[in-house]
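Novice: here's a sequence, model it:
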Amino acid sequence: MIFYFSGTGNSKWVAQQLADVQQERLVFIPDALRSATTEFSLQEGEKVGFVFPIYSWGPPPIVLEFIHQLVLHGAEAHYLFFVCSCGDDTGLTESVMRKAFAARGWECSAGFSVAMPNNYVLLPGFDVDSKEVEQQKLLHAQPTLDEINRLIEERQPLFRCHEGSMPFLKTRLIYPLFVRYGISAKKFWTTDACVACGRCEKVCPMQNVTMDHQKPVWGEHCTSCLACYHVCPKRAVQYGKQTKGKGQYFNPQALK
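Specialist: Reported below is the predicted structural model:
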């Protein structure tokens, strides 16, 4: 069983690759929370994985919320792992995940990171990768994931997360500030270029975008995944002034 969260498709692609090789079923975390399906019974030998993107050097709050609500019958004897997609580094995400699992009485067996194209554009100096870097990351991601799949199949107890520089500062100081102040839909708006195609509404994993009088309206359940911004074919979705002139990225496999 693999639980996953994804906005712009990187983690969705990772989760699908893992599920295919490990022959485990996929559970989309927002769907499970919406339907209050948070109790599962594990079969003998079943692996339990969590796949998610890195948000400001930590896991998305929705992932931690789901773990807090999750009931796994028989989890104690199973191989429990996580795989996170990151633009560059993960900070102390391994520590955060271990603590979240330990709070439920579960031992985390392994954790891995996969470098994927950047998509965070809401702060000065943050933008998507160049097309060349994007293609290089996508190219290198496959062999990395092949190796991760091999290690998971062998149930190897190890952690390979690229912490990067100053991980304590990033995860212990910046990440809490991001969770508290950086996750909000209040500054989303659309330019006159909007053609009411509804793609932003369809792609939102939280069902937080609705079309009203041919314009998207954002609710209060945003996770700042930026799927609505990146999927807009007319670049009409903007976030305050922070996204002016910045690029877009959506995992090409997720758009198929």
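Novice: other SSEs contacting the helix ranked longest in the chain?
Specialist: In the chain, assigned by DSSP state H, the helix with the most residues is helix 131-153. Using 3 or more C-beta pairs under 8 Å, 6 or more residues apart in numbering; DSSP states H and E as the contact criterion, the secondary-structure elements in contact with helix 131-153 are helix 10-22, strand 110-115. Just so you know, the C-beta spots here come from the backbone N, C-alpha and C atoms, and that holds for glycine as well.
Novice: who wins for proximity to residue 174 among those?
Specialist: strand 110-115 (17.6 Å; C-beta to C-beta).
Novice: give me the distance from the closest one to the chain's centre.
Specialist: Mean C-alpha position of strand 110-115 versus that of the full chain (C-alpha atoms, centre = their mean, to the nearest Å) differs by 12 Å.
Novice: who does that strand touch, helix- and strand-wise?
Specialist: The helices and strands touching strand 110-115, judged by 3+ C-beta pairs under 8 Å, 6+ apart, are strand 80-86, helix 93-103, helix 131-153, strand 159-160.
Novice: can you redo these as JSON lines with distance to residue 38?
Specialist: As requested, the helices and strands packed on strand 110-115 are arranged in JSON lines below (distance: least, C-beta to C-beta, whole Å):
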{"stretch": "strand 80-86", "distance to residue 38": "16"}
{"stretch": "helix 93-103", "distance to residue 38": "14"}
{"stretch": "helix 131-153", "distance to residue 38": "23"}
{"stretch": "strand 159-160", "distance to residue 38": "26"}
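Novice: identify whichever of the ones you listed lies nearest to residue 206.
Specialist: When the helices and strands packed on strand 110-115 are ranked by distance to residue 206, counting by C-beta to C-beta, first place goes to strand 80-86 at 18.5 Å.
Novice: give me every residue that touches residue 48.
Specialist: With contacts defined as C-beta atoms under 8 Å, 6 or more residues apart in numbering, residue 48 is in contact with 1-3, 42, 72, 75, 78-81.
Novice: now residue 187
Specialist: Listed by C-beta under 8 Å, 6+ apart, the contact partners of residue 187 are 239-240, 242.
Novice: state the pLDDT value of the spatially most central residue of the chain.
Specialist: Of all residues in the chain, the one closest to the mean position by C-alpha atoms, centre = their mean is residue 53, 2.9 Å from it. Residue 53 is assigned 98 on the pLDDT scale.
Novice: show me the helices in the chain, by range?
Specialist: Counting by DSSP H, the helices of the chain are 10-22, 29-34, 61-69, 93-103, 131-153, 167-168, 175-181, 199-203, 227-231.
Novice: who's in contact with the shortest one?
Specialist: When contacts are defined by C-beta under 8 Å, 6+ apart, helix 167-168 is touched by residues 57, 89-92.
Novice: at 6 Å what do you get?
Specialist: Around helix 167-168, the neighbours that count as contacts under C-beta atoms under 6 Å, 6 or more residues apart in numbering are 91-92.
Novice: now swap in the fourth one and tell me
Specialist: Defining contact as C-beta under 6 Å, 6+ apart, one finds that helix 93-103 is touched by 58, 64, 67, 82, 84, 108, 111, 159, 161.
Novice: noted, bye for now.
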